[in-house]
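Asks: fold the following for me, if possible:
(2 chains)
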Amino acid sequence: MAESTAHFVQLGPKELQALYAISSAIAREPDLEKSLATIVALARPVLIFDNFVVFAKRESTFETVFARNIGRGRAAEAELAWGDSIAGDVFSSGKKQMLQERLENWELNRLHQHDMLGLPLMMADEMLGAMIIGRFGGPEFSASQIQLAELVADYVAHLLTRAHLVRRIADLEAERRLQTLQENFIATVSHELKSPLGFIKGYTTTLLRKDITWDDKSQREFLTIIDEETDGLRSLIDNLLDSSRLQSGTLRMQKQVVQIDELMHEVVNRTRRRYTNLQIGLDIRSKFILSADPMRLTQVLDNLISNAVKYADGSPIWFMVEWMQNPLIPGLEGHVIVKDRGPGIPAEHVDRLFTRFYRVPGINPQTHGTGLGLYICKEIIQAHGGEIRCESRPGQGTSFHIYLPIIGQTPLSVS
Amino acid sequence: MKEKILIVDDEPRYLRLMEANLIPEGYTVVKAINGLQAVDMVAKEKPDLLLLDVMMPVLDGFQALERIRGFSNVSVICVSAKGEEPDRVRGLDLGADDYILKPFSATELLARVRAVLRRSQRPQMSPEANSLFVHGNLRVDFARAEVYKDDKMIYLSATEYRVLLQLVQASGKVVHSDQLLKDVWGDEYSEDKEILWVSISRLRQKLEDDPRNPIHIVTRSGVGYIMPGEGE
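Replies: Reported below is the predicted structural model:
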């Protein structure tokens, strides 16, 4: 602060001690709020004030980022102006401002005598905000107190800059992560789209060769591949569309009354027909009724099954349905578990599995996937007011837990 | 007996696709499912042609090609879904003879296979031709289809040998780029300048003392290439 050095006043040992304590305390504290609270506590015995406010500049306006009323200030909190007007003066002038408010009967009522000191918070030539300190019942701020306040303002300016940078870095980091995911996603999707197209094109043109007449068996073989690859392509496109509809909030659930055990039997039977070699266990411990979109719930279960088939190749899959009360997730009493005994997922990836575009790194490139499936599962379950979680232990397998709100239970014997 | 072709892909359905189309043509087909196997099979089976997928686990196609080129001049066609220019150039630069993009049609695959195999049959010189050709420190032995630089034998791929031969046969005269492409690669390649640039650059790396100031294969800008005659 060029101005403060111009009117240099010798600081006393108490003031210097306070400055030293402030500087060493805030150097260790990463949190802006806590640092400012520390400054208030350490500066107050030497600066003597009843309220302390920090405003930060946000584009053309300023907003309060921190305010404390202490002592007399606390008693008068309700009727106190927080220094908005003096802050306005500091902002428009860019300079230190003093204000003496003398309300009616100020000689009798100390709260009606309010001295305020407003200081600009500067970093290089840029004004970041203003620091206002106020005192009730006099005396006015002395020259050495003003100088001390200016030094404190310097610390506060540094803290604001640091907080701003920390926030900015976090924003950029998040942006960069998303961008990387999106770039990978585009590469993955183009590969995933081209792969079935390659088979469809290849086998179709094989069948179309004029110089060969394929026997029935070969024809069937090639056409089956074309058929399956077309299905794969369709489900990929469906996933892409679902994901973008979920993202924009335009995917509506067609809810109806669903009997969970019926839905599970249907899913399991279809899965058995589809993966004839897969061992599947179904354990229905209680029967309940949901208000749900059966097609979307089936989609979630199918997705979990196809993941288990892809990533836990050869492992049996168990389904379990139970009614349970979990204090951590109140109101979600319908519990569905899908469990495999595959290789499991390393802990650092488990939490990110449901992030859009996220794929666990190091997967065999032959294992197809886009990083959309579990994101879609999570969004569908959340649209039902439920929750989905994953528990996994490398080497032991993976369980997906779906918790859903239920609208009623039916006795187990009825079936 | 028709040629033996090694097909390499980690997707069983691609292996089946290529095999289904190649066998009726009379080719013998052997298969590998990753780059490492491919390197082994080239050494053991001595195929005439490799159809090599690029994106594979264990050892990818480019890495495999690099190893294969350390001991074999087998003809190689890279097969890939990655069609961006750097990938194509990288494949050719590592010594692939051609590059096919997925998705491809059965007829395109067969046409490329035929073209590359045709190129790999080392052409016989006419009987009246000298069995030896000397150009500075370079010597071509037509009877053995061998090339020597300073008496050291240089390994050339079939395609590279053919390009060199075209220039030798026309020694002292410019060979037009599109003519080279047609004669060496086939009619369907006459527009594919990139494949020619990469081959010329590889030949220069192998044959020239200073590839940036070539004396054996000289560019005639906008026209083609020339092997300068005596005294030029």
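Asks: quick one: low-confidence parts of the stretch 1-150 of chain A?
Replies: Confidence mapping of the stretch 1-150 of chain A against pLDDT under 70 gives the ranges A:1-9, A:72-82.
Asks: ok, 50 please
Replies: For the stretch 1-150 of chain A, the stretches with pLDDT under 50 are A:1-6.
Asks: tell me which residue of it lies closest to chain B.
Replies: Using Cβ to the nearest Cβ, A:Glu59 is the residue of the stretch 1-150 of chain A that sits closest to chain B, at 42.8 Å. From N, CA and C alone the C-beta is placed, and that goes for glycine too.
Asks: any idea how many residues pack against that residue?
Replies: As a burial measure, A:Glu59 scores 5 neighbours (other Cβ atoms under 10 Å in any protein chain shown).
Asks: and it, backbone torsions?
Replies: With angles defined as degrees, to the nearest 10, A:Glu59 sits at phi 50, psi -120.
Asks: thought B:Val58 was touching B:Ala38?
Replies: No: here B:Val58 lies out of contact with B:Ala38, judged by Cβ atoms under 8 Å, at a distance of 9.8 Å.
Asks: who has more neighbours out of the two?
Replies: Higher neighbour count among B:Val58 and B:Ala38: B:Ala38, with 31 against 14, using other Cβ under 10 Å.
Asks: now do the same for the more buried one: its pLDDT.
Replies: B:Ala38 is assigned 95 on the pLDDT scale.
Asks: confirm that it sits in a helix.
Replies: Yes: counting by DSSP: H, G, I helix; E, B strand; the rest coil, B:Ala38 is located in a helix.
Asks: list the residues that contact it.
Replies: B:Leu6, B:Val8, B:Ala32, B:Leu50, B:Leu52, B:Leu59, B:Gly61, B:Ala64, B:Ile68 (Cβ atoms under 8 Å, 6 or more residues apart in numbering or on different chains).
Asks: equivalent analysis for A:Ser306, please.
Replies: Taking Cβ under 8 Å, 6+ apart as the criterion, A:Ser306 is in contact with A:Gly373.
Asks: count the neighbours of B:Leu138 for me.
Replies: Neighbours of B:Leu138 (other Cβ under 10 Å): 20.
Asks: look up how far chain A lies from it.
Replies: Using Cβ to the nearest Cβ, to the nearest Å, one gets 43 Å for the distance from B:Leu138 to chain A.
Asks: ok, now how distant is A:Val166 from A:Ala124?
Replies: Separation of A:Val166 from A:Ala124 (Cβ to Cβ, to the nearest Å): 18 Å.
Asks: let me redo that: A:Cys390
Replies: Taking Cβ to Cβ, one finds A:Cys390 at 48 Å from A:Ala124.
Asks: now do A:Ala143
Replies: A:Ala143 is 26 Å from A:Ala124, by Cβ to Cβ.
Asks: name the residue in those two with the higher neighbour count.
Replies: A:Ala143 (10 against 7).
Asks: show me what the helix or strand A:Ser24 falls within is packed up against.
Replies: Using DSSP states H and E, A:Ser24 sits in helix A:13-28. For helix A:13-28, the packing partners by 3 or more Cβ pairs under 8 Å, 6 or more residues apart in numbering or on different chains; DSSP states H and E come out as helix A:32-47, helix A:143-207.
Asks: looking at the contacts of B:Ala38, which are in helices?
Replies: Counting by DSSP state H, those place B:Gly61, B:Ala64, B:Ile68 in helices.
Asks: pLDDT added to those, as JSON lines?
Replies: As requested, the ones in helices among the contacts of B:Ala38 are exported to JSON lines (pLDDT from 0 to 100):
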{"residue": "B:Gly61", "pLDDT": "92"}
{"residue": "B:Ala64", "pLDDT": "94"}
{"residue": "B:Ile68", "pLDDT": "92"}
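Asks: where do the strands sit along chain B?
Replies: B:4-8, B:28-32, B:49-53, B:75-80, B:98-101, B:132-135, B:138-141, B:146-149, B:152-154, B:174-176, B:218-220, B:224-226 (DSSP state E).
Asks: pick the most deeply packed of these.
Replies: strand B:49-53 (a mean of 27; mean count of other Cβ atoms under 10 Å in any protein chain shown).
Asks: helices or strands up against that one?
Replies: Using 3+ Cβ pairs under 8 Å, 6+ apart, the elements in contact with strand B:49-53 are strand B:4-8, helix B:35-45, helix B:61-68, strand B:75-80, helix B:106-120.
Asks: tally of neighbours for residue 44?
Replies: No chain in the question, so chain A it is. If you count neighbours by other Cβ under 10 Å, A:Arg44 ends up with 17.
Asks: other chain: chain B
Replies: Residues lying near B:Lys44 (other Cβ under 10 Å) number 10.
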